[in-house]
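A.B. asks: Below are the sequence and a predicted model; questions follow.
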Amino acid sequence: MLAAILESGEPERLYTALSLLVSTAVEGEAARGLVSFGALPVLLADAAPGEDAFARTLVELRRTAAELPDCRLWACAAAVETTGADRDAVEARLDGVMSTPRFLRETAGARLVVV
């Protein structure tokens, strides 16, 4: 299993993290991600018309991750609380909310990447 904590709000870093997770899941290996403070607003957003291709690619990668049965992305519970993220948006775009300690327990033994 590959586990990733997505913290950065930088689109290039998020692209790399999502690509790792999606590629891992496509190959048949479990991939799990926890979307934390910096990454949460970026991954909850939808690309607006006229936005650059990179923003649209992030949205597509997030959608692809959601469609893969072996790929899961959760929002960090503390990040949702402290940033005031819209719970409906979280539930619509990610697999729900999970605390960091629970994520680490559920991915124990996985290769861990922090982006």
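C.D. replies: Arrived safely, thanks for sending.
A.B. asks: How many residues are close by Glu10?
C.D. replies: 13 (other C-beta atoms under 10 Å). Heads up, the C-betas are built off the backbone N, CA and C, glycines and all.
A.B. asks: same question, Ala92
C.D. replies: The number of residues packed near Ala92 is 11, by other C-beta under 10 Å.
A.B. asks: Then the one 4 residues further on?
C.D. replies: Residues within reach of Gly96, counting by other C-beta under 10 Å, total 13.
A.B. asks: Wait, it touches Val90, no?
C.D. replies: Yes. Here Gly96 reaches Val90: they are 7.3 Å apart, a contact under C-beta atoms under 8 Å.
A.B. asks: Please tell me how far the residue nearest to Gly38 when sequence neighbours are not counted sits from Leu40.
C.D. replies: In this structure, Gly38 finds its nearest non-sequential neighbour in Gly9, 3.8 Å apart by C-beta to C-beta, 6 or more residues apart in numbering. Using C-beta to C-beta, to the nearest Å, Gly9 is found at 8 Å from Leu40.
A.B. asks: can you list the weak-confidence ranges in this structure?
C.D. replies: Applying pLDDT under 70 to the chain picks out residues 47-50.
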